[in-house]
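Asks: Fold the following for me, if possible:
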Amino acid sequence: MTTRVGFIAQYYELSLHVRTREGKWTVVVFGPNGLLLTHDTKYDSDTAALQAAVGVAQTYLHDEKHDERPALEVVDWQPA
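Replies: Numbering: from 1, shown residues only. Got it, this is the predicted structure:
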């Protein structure tokens, strides 16, 4: 059995999930109404994956939703 470790945070209405499995970190972002955004890149560190998750959220909100709210200065990551 593989132990899964990760983090979760809210970025406006998006739920950011960063998880590790077998030493690689992945990013999944959930939005309202069950919207799922996945980021196919696998990362070697949690720091890189956390930064990527915020980047996915910012890009989606800005480019897809044309949302002009400012970027959050602090993202409150919690263990998941």
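
Asks: low-scoring stretches of this structure, by residue?
Replies: The model of the chain has pLDDT under 70 over residues 1-4.

Asks: State whether P70 is indeed within a helix.
Replies: No: checked against DSSP: H, G, I helix; E, B strand; the rest coil, P70 lies outside a helix; its state is coil.

Asks: Quick check: it vs L35, distance?
Replies: Counting by Cβ to Cβ, to the nearest Å, the separation of P70 from L35 is 22 Å. (Each C-beta comes from the backbone N, C-alpha and C, glycine too.)

Asks: and these two? which has more neighbours close in?
Replies: When P70 and L35 are compared for neighbours, L35 comes out ahead with 12 against 5, by other Cβ atoms under 10 Å.

Asks: That one and L16, how far apart?
Replies: Counting by Cβ to Cβ, the gap from L35 to L16 is 13 Å.

Asks: ditto for G31
Replies: Applying Cβ to Cβ to G31 and L16 gives a distance of 10 Å.

Asks: So for those two, which residue has more residues nearby?
Replies: More crowded of G31 and L16, by other Cβ under 10 Å: L16, with 23 against 18.
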